[in-house]
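Chemist: sequence and predicted structure, then a few things I'm wondering about:
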Amino acid sequence: AGLRHHRDGRDVGFGPYTEALSREDRAALRDAFMAAAPDLRDRRRAMAEDMTRLAAALRAEPWDPAAAEAVLSRQGERAEERFTLGRRLFLERLGRMTPEARAALADRIERAMTRGRD
């Protein structure tokens, strides 16, 4: 969901759509995302803290569903922020493409969809 950032930091994608983008377009989208959200280290730290809190909530007796919900809610809010940013940047990148490049992207998306049906 949203832009995903692979561990090696080289690839950022907006679902299967960016997999169909050219290498140049993927790189430009990744660069735009990193420029718009340079706090990747802080986000990773927050995610690790949330995982620690969730693990503690899972071990707690008695079970406190509100503690787990609070962690999952924070994670969901951050995911929604990334998704919203990714959608905006993806649309901006699409708007910079020529009509021919957009048509070629549409063809690649359609081919990717039909590959799984054969």
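Modeler: Perfect, I can see it now. Residues are numbered from 1 along each chain as shown.
Chemist: please count neighbours and contacts with C-alpha atoms only from this point.
Modeler: OK.
Chemist: how about residues contacting stretch 92-111?
Modeler: Tyr17, Ala20, Leu21, Asp25, Leu29 (C-alpha atoms under 8 Å, 6 or more residues apart in numbering).
Chemist: need the longest helix for this protein.
Modeler: helix 65-96 (DSSP state H).
Chemist: which elements pack onto the host helix or strand of Thr52?
Modeler: For Thr52, the host element (DSSP states H and E) is helix 40-59. Contact here means 3 or more C-alpha pairs under 8 Å, 6 or more residues apart in numbering; DSSP states H and E; on that basis helix 40-59 packs against helix 65-96.
Chemist: quickly note the distance from Ala48 to Ala37.
Modeler: Note on Ala48: its distance to Ala37, by C-alpha to C-alpha, to the nearest Å, is 18 Å.
Chemist: sorry, back to before: point out the least confident one among the contacts of stretch 92-111.
Modeler: In terms of pLDDT, Tyr17 ranks lowest among the contacts of stretch 92-111, with 85.
Chemist: check which helix or strand that residue maps to.
Modeler: Tyr17 belongs to helix 15-19, assigned by DSSP H and E.
Chemist: just the angle between whatever helix or strand comes next after that helix and helix 65-96, please?
Modeler: Next along the chain after helix 15-19, taking DSSP H and E as the criterion, comes helix 23-36. If you take axes from the mean of the first three to the mean of the last three C-alpha atoms, to 10 degrees, helix 23-36 sits at 130 degrees to helix 65-96.
Chemist: in helix 23-36, which residues are buried?
Modeler: Of all the residues in helix 23-36, those buried under the rule 16 or more other C-alpha atoms under 10 Å are Asp25, Arg26, Ala27, Ala28, Leu29, Arg30, Ala32, Phe33.
Chemist: elements contacting that helix?
Modeler: strand 12-14, helix 65-96.
Chemist: how many residues are close by Leu105?
Modeler: 20 (other C-alpha atoms under 10 Å).
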